[in-house]
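[1] Provide a 3D model corresponding to the input given below.
(chains A and B)
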Amino acid sequence: MTKIAIVTGGGRGIGRAIVDRLVRDGYSVLTCGRGDRPDDLPVAVDWVAADVSIPAQAAMVASAAAEKGPVTLLVNNAGVQVEKTVTDSTDDDWDLVIGVNCRGVFNMCRAVLPGMTDMGGSIVNIGSISGTVSDPSMALYNASKAFVHGLTRSIAADHGPTVRCNAILPGWIMTAMVDDAFALARDPAAAKQDALARIPVGRFGTPDDIANTVSWLAGAESAYVSGQCFTIDGGLTAVSPLQPGLF
Amino acid sequence: MTRLSGKIAFVTGGRGGIGRAICARFIAEGATVYAADISPGGSLESEDDDGTHFVPLDVTQESQAISAMTRVEQEQGKLDILVNAAGIEIEHTIEETSLEDWNRIFAINVTGTFLTAKYALPLLRKSATDRPLGPSIVNFGSYDGFIADPGLAAYCATKGAVHALTRAMACDHGPEGIRVNAICPGYVDTPMLRSFFGGAGSGAGGASLENVLAPVKDVHPTRTCGKPEDIANLVLWLASDEARYASGQLWVLDGGLSAQVQQMRF
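    Sure thing, here's the model as predicted:
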């Protein structure tokens, strides 16, 4: 039987790498995003134009996938960031970040869990190291990711034994979102070099690094793994943010 | 201020940078304080009379731990507060660390905490019926027990061990009315920190504390390093009745340093 997977926000970046990997792993993948279907998305991948922050649209994504068969994997990857402190954040910023990053994950889990609880499956949420330690001027984003970590544990507690739920906490993965974060620096190139010097494995992450982890958490090898948050950051957060040797 | 009036406190590393601040604060709050250290001058190499009773103590030596506690028992009959502040730092990666150095830092930072607490427990138990202030042990972990500084491998490992030991002691001796917590300092201006900046923490040009202090402070959300008095404030609170429901916890005190991924410095 074909395995059915939903990946939210799979049009580009980390989400796209996850989609491509799951296709290679033999999944029938449905992904979604707020815009039109990306031209370069493989034809075998289903696309639904949807905003997961809106409950009805999240439900639509879940039922479109369920038409193909039981959904055994949900990857909540869709996320947005706003580079602001609390005092600079507007109500619209709140609605956007909390809407997509928190409510979107909740909406998708609520829509998929009834079927998944019957048939068994795995949910992989994309959290962030920023949900554990803060990135400056990313207040709502940091907080939204901590929500994802908490919800991950709650789903694991409530929906075992048939459903496993884990989160992946990426560090600095080379995507457009990370470029936006470095754009906050006075000298983005120097800030990138400084950041690179702090990563024990000596490079920024790639979307494939995250897709590899999703693949493992989706599969049978991780059958006893649930309720955990796994940091994939090349060692960045294992090291103190203060390294006088770099001054 | 006499929040510790009538209380007996024993502070290892009591003549070191942080230990002296703790002893001074305890004395100001009315406690009788035993400052234990390897030498009367400690790491500050100053022998000014600080109002404490000095106890010569090599924390790695079981016989000396026994003698120290025997003295406290003979002179006071009980102990209310134990602070395990004695510690050293070895600035090497594991490859550069000799077995002798590895064993030495574990002997002081981990075994020392174990031995002092082991022989203090019978005296602390005698205070367990005192209310409202029950006995309290404060160990010294470090934020390095959570995240690593480069070139401090053995030190990081000893502090992780102290964190686990703290939880275990709280678990075992809580039912006896003894609370156990650990403070995990970040960058505190002490002789140990100044040594770090001259060694493993130095830049390519061999940065001294003076020329790295500004950028070091800037990396902290509070934009400052800690002072020994900041640590003493928390030791006092954890030793006090205000903290009577606090046990088994690791109290990170680092100016927010480890709450962030990093600051953009450019």
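
[2] which ones are touching the residue most central in space within chain B?
    Geometric centre of chain B, nearest residue: B:Ala85, 2.7 Å, by Cα atoms, centre = their mean. By Cβ atoms under 8 Å, 6 or more residues apart in numbering or on different chains, the contact list for B:Ala85 reads B:Val11, B:Thr12, B:Gly13, B:Gly14, B:Gly16, B:Ile18, B:Gly19, B:Ile22, B:Phe140. C-beta here means a position set from N, CA and C on the backbone, and glycine is covered the same way.

[3] Just say helix, strand or coil for A:Ser122.
    On the three-state scheme (DSSP: H, G, I helix; E, B strand; the rest coil), A:Ser122 is labelled strand.

[4] Touching, A:Ile210 and A:Gly234? I think so.
    No - counting by Cβ atoms under 8 Å, A:Ile210 does not reach A:Gly234; the two are 11.7 Å apart.

[5] Would you mind telling me which of those two has more residues around it?
    The neighbour count for A:Ile210 versus A:Gly234, taken as other Cβ atoms under 10 Å in any protein chain shown, is higher for A:Ile210 (27 against 21).

[6] Are we agreed that the more buried one is in a helix?
    Yes - using three-state DSSP, the secondary structure at A:Ile210 is a helix.

[7] from the contacts of B:Ala85, which two are the most distant?
    Pairwise distances across the contacts of B:Ala85 (Cβ to Cβ) peak at 12.1 Å, for the pair B:Gly14 and B:Phe140.

[8] got the contact list for stretch B:58-69?
    Against stretch B:58-69 from outside (Cβ under 8 Å, 6+ apart): B:10, B:12, B:34, B:36, B:38, B:55-57, B:79, B:84, B:86, B:107-108, B:111-113, B:115-116, B:118-120, B:122-123.

[9] before we move on, what about stretch B:223-235?
    Outside stretch B:223-235, the residues touching it (Cβ under 8 Å, 6+ apart) are B:17-18, B:20-22, B:24-25, B:83, B:138, B:183, B:185-190, B:193, B:213, B:216-217, B:251, B:253-255.

[10] Same check on stretch A:114-126?
    A:14, A:62, A:66, A:70-77, A:79, A:105, A:109, A:112, A:148, A:151-152, A:155, A:159, A:162-168, A:170, A:210, A:214, A:217-218, A:222.

[11] in it, what's buried?
    Of the residues in stretch A:114-126, those buried by neighbour count under the rule 16 or more other Cβ atoms under 10 Å in any protein chain shown are A:Gly115, A:Met116, A:Gly121, A:Ser122, A:Ile123, A:Val124, A:Asn125, A:Ile126.

[12] Spit out the contact partners of A:Thr132.
    A:Thr132 neighbours (Cβ under 8 Å, 6+ apart): A:Ala146, A:His149, A:Leu169, A:Cys229, A:Thr231, A:Thr237.

[13] In helices only, show me these.
    A:Ala146, A:His149 (DSSP state H).

[14] quick one: least confident of the contacts of A:Thr132?
    Minimum pLDDT across those is recorded for A:Thr237, with 92.

[15] mean confidence score for stretch B:238-258?
    Stretch B:238-258 shows a mean pLDDT of 91.

[16] one step back: so which of the contacts of A:Thr132 also contact chain B?
    Filtering those for proximity to chain B (criterion: Cβ under 8 Å from any Cβ of the partner chain) leaves A:Thr237.

[17] secondary structure class for B:Phe54?
    strand.

[18] confidence score at it?
    According to the prediction, B:Phe54 has pLDDT 96.

[19] Hmm, it is touching B:Pro40, no?
    Yes - the criterion here is Cβ under 8 Å, and B:Phe54 meets it with B:Pro40 at 5.4 Å.

[20] Mutual contacts of the two, please.
    Going by Cβ under 8 Å, 6+ apart, residues that sit against B:Phe54 and also against B:Pro40 are B:Arg15.

[21] For the two, indicate the residue with more neighbours.
    Ranked by neighbour count (other Cβ under 10 Å), B:Phe54 and B:Pro40 place B:Phe54 first, with 19 against 15.

[22] any idea how far the more buried one lies from B:Gly77?
    20 Å (Cβ to Cβ, to the nearest Å).

[23] what's the answer for B:Ser5, then?
    Applying Cβ to Cβ to B:Ser5 and B:Gly77 gives a distance of 17 Å.

[24] Just the contacts of stretch B:58-69: which are in helices?
    Judged by DSSP H, the contacts of stretch B:58-69 include B:Gly112, B:Thr113, B:Leu115, B:Thr116, B:Lys118, B:Tyr119, B:Ala120, B:Pro122, B:Leu123 as members of helices.

[25] ok, and the helix or strand in chain A with the lowest average confidence?
    helix A:176-182 (a mean of 80; mean pLDDT, DSSP states H and E).

[26] Does anything pack onto that helix? Which helices or strands?
    Other helices and strands packing on helix A:176-182, by 3 or more Cβ pairs under 8 Å, 6 or more residues apart in numbering or on different chains; DSSP states H and E, are helix A:188-197.

[27] And the helix it packs on, how far out from the chain middle?
    Relative to its chain's centre, helix A:188-197 lies at 24 Å (Cα atoms, centre = their mean, to the nearest Å).

[28] now the chain, which segments are flagged as low pLDDT?
    If you meant another chain, say so; for now it's chain A. Low-confidence segments of chain A, defined by pLDDT under 70: A:247.

[29] ah, I was thinking of chain B
    In chain B (pLDDT under 70), the answer is B:1, B:130-133, B:199-210, B:263-266.

[30] And the contacts of the longest helix seen in it?
    In chain B, taking DSSP H as the definition, the longest helix is helix B:153-173. By Cβ under 8 Å, 6+ apart, the surrounding residues in contact with helix B:153-173 are B:84, B:87, B:89-94, B:97, B:101-102, B:105-106, B:109-110, B:113-114, B:117, B:121, B:137, B:139-142, B:144-145, B:148-149, B:179-182, B:184, B:247-250.

[31] Thanks a lot, catch you later.
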